[in-house]
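Visitor: Return atomic coordinates for the entry below.
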Amino acid sequence: MATSAPPSRKRVVLLGATGSIGENTLRVIAAHPDKLELFAIAARGNWEKLAAIARTHGVRHVGLFDDDAFAAARAHPAAFPADTRLVGGLAGLVELAQLPGADIVLVAVVGTTGLEPALAALKAGKDLALASKEILVLAGQHVLAAAAASGAKILPVDSEHNAVFQCLQGHPHSSVRRITLTASGGAFRDLPLEALGNVTPADALKHPNWSMGPKITVDSATLANKGLELIEAQCLFGLSPEQCDAVLHPQSIVHAFVEFTDGAMLAQLGPPSMTFPIQHALLHPTRAPGVEPALDFKKLLSLEFRPVDEVRFPMLRLARETMVAGRGAPAVYNAANEVAVAAFLAHALPFLAIPRIVEHVLAHLATAAPADLPAILALDLEARRLARSAIEKHLF
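Guide: From the prediction side, this is the model:
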């Protein structure tokens, strides 16, 4: 008696395999070997960890963004599976993003590095699982246009955007009154305001709920992360700035609310683990048992919500102003924040100076709408230059 062939597995390209999103993605893929196949991987510089992943999963398409790391990896071919094809630099990431045979590309690289690979994936017709929010902040309209032209899907991996995406299924755009993203408040949520002037990078990296990379953890403490997410949500879901809101939710159980025009509201709940939105994006539109246990309502569970104090969190105020300004302002906000956070992590900038640097750059940089990708990247570079100059001159 003939048996039917098993359904084909989705072939996944994972850009950012060695970071926290990458690690959780690997857990999801390992839990569903009948549904997902790791087809290609890339990282910025940790070639030894990347080689270990390649060996574990039998991956033969491997990329390294950093030139020195790429050279080191090429000098140690035995660390990778036999017949591994190793590519380097931004061109290498772009090549992996459009590999024939790949079905979905998960972009989880920090900062703006993932923009060109994301566009390449969409133009090649690959679905894009998007964890790097900077991509839509920097060039949202170009990314959406690339998806529309090829018919590829953009599947949000950020827990908040994934939550909104799930809540919106089956509801027309015209029925949405507003969305509300939740924010934990980060490491300093309950710290007295007068104590913020003395906090250190080590303090900022002690997130109460999530295990994430350094940059995004600092962004959670300033609420720049939520500001970037609001900008991304405005673009991704076609909303006005007034339709995008945020609320503090210390438990990180409810990830977003969607309020409809009739006053009804849907919320998406889940434990504070990235395996849930990653799995939803990779397996969409199907579902399967999760990697981790779901919420247990038999245990005591309390949910708390607070309005955001924008005096305490000025980065959220700046994000709202950026959304209203539009044009190139989101790219400037993102670039200046990246530079300021890097300086804070290097002990070269006080924590409270991060929003001051961002506000300074926004005020001094013309933000005409960039016409194309080169113009976007030029604006990004100029914003970074102005931010570094302000830090060096102690303009904060």
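
Visitor: Which of the three states applies to L86?
Guide: Following DSSP: H, G, I helix; E, B strand; the rest coil, we place L86 in the strand state.

Visitor: my guess is L99 contacts F39, does it?
Guide: Yes. If you go by CB atoms under 8 Å, L99 and F39 touch, sitting 6.9 Å apart. No exception for glycine: its C-beta is placed from N, CA and C like everyone else's.

Visitor: Can you show me the strands along this structure?
Guide: Using DSSP state E, the strands of the chain run over 10-15, 36-43, 61-64, 85-88, 104-107, 127-130, 154-156, 176-183, 244-248, 254-260, 265-269.

Visitor: distance between stretch 183-201 and the chain's centre?
Guide: Offset of stretch 183-201 from its chain centre (CA atoms, centre = their mean, to the nearest Å): 23 Å.

Visitor: quick one: contacts of it?
Guide: The contact list for stretch 183-201, computed with CB atoms under 8 Å, 6 or more residues apart in numbering, reads 203-210, 214, 217-218, 220-223, 225-226, 246-250, 252, 272, 308, 312, 344-345, 347, 350-352.

Visitor: What's the end-to-end length of it?
Guide: Stretch 183-201 has an end-to-end distance of 20 Å (criterion: CA to CA, to the nearest Å).

Visitor: how about it: buried residues?
Guide: 183-189, 191, 196, 199, 201 (16 or more other CB atoms under 10 Å).

Visitor: Pull the number of nearby residues for the closest residue in space to L205 that isn't next to it in sequence.
Guide: Distances taken as CB to CB, 6 or more residues apart in numbering put T217 closest to L205, at 5.2 Å, once the chain neighbours are dropped. Applying other CB atoms under 10 Å, we find 22 other residues in the vicinity of T217.

Visitor: so where's the chain uncertain?
Guide: Within the chain, the segments meeting pLDDT under 70 span 1-7, 210-211, 300.

Visitor: my read: H249 touches V308, true?
Guide: No. Using CB under 8 Å, H249 makes no contact with V308, being 10.4 Å away.

Visitor: circling back to that earlier point, what sits in contact with each of L99 and F39?
Guide: Common contacts of L99 and F39 (CB under 8 Å, 6+ apart): 13, 61.

Visitor: which of those two has more neighbours?
Guide: Between L99 and F39, counted using other CB under 10 Å, F39 has the larger neighbour count: 22 against 17.

Visitor: Report the beta-bridge partners for the closest residue to the more buried one other than its chain neighbours.
Guide: In space, and not counting its chain neighbours, F39 is closest to R11: 3.9 Å by CB to CB, 6+ apart. Counting by DSSP bridges, R11 is bridged to E37.

Visitor: shouldn't R11 be in contact with K35?
Guide: No. Counting by CB under 8 Å, R11 sits too far from K35 to count as a contact (11.0 Å).

Visitor: circling back: buried members of the contacts of stretch 183-201 into PyMOL, please.
Guide: Those of the contacts of stretch 183-201 that count as buried under 16+ other CB under 10 Å are selected in PyMOL with:
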select buried, resi 204+205+207+208+209+210+214+217+218+220+221+222+223+225+226+246+247+248+249+250+252+272+308+344+345+350+351+352
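
Visitor: Skipping adjacent residues, who's closest to K35 in space?
Guide: Nearest one to K35, counting by CB to CB, 6+ apart, is R9 at 5.8 Å.

Visitor: my guess is that neighbour meets F39, correct?
Guide: No. At 9.3 Å, R9 and F39 do not qualify as touching, with contact defined as CB under 8 Å.

Visitor: Not including adjacent chain positions, what is the nearest residue to the spatially most central residue of the chain?
Guide: The chain has S132 as the residue nearest its centroid, 2.9 Å off, counting by CA atoms, centre = their mean. With sequence-adjacent residues excluded and distances taken as CB to CB, 6+ apart, S132 is closest to G114, at 4.4 Å.
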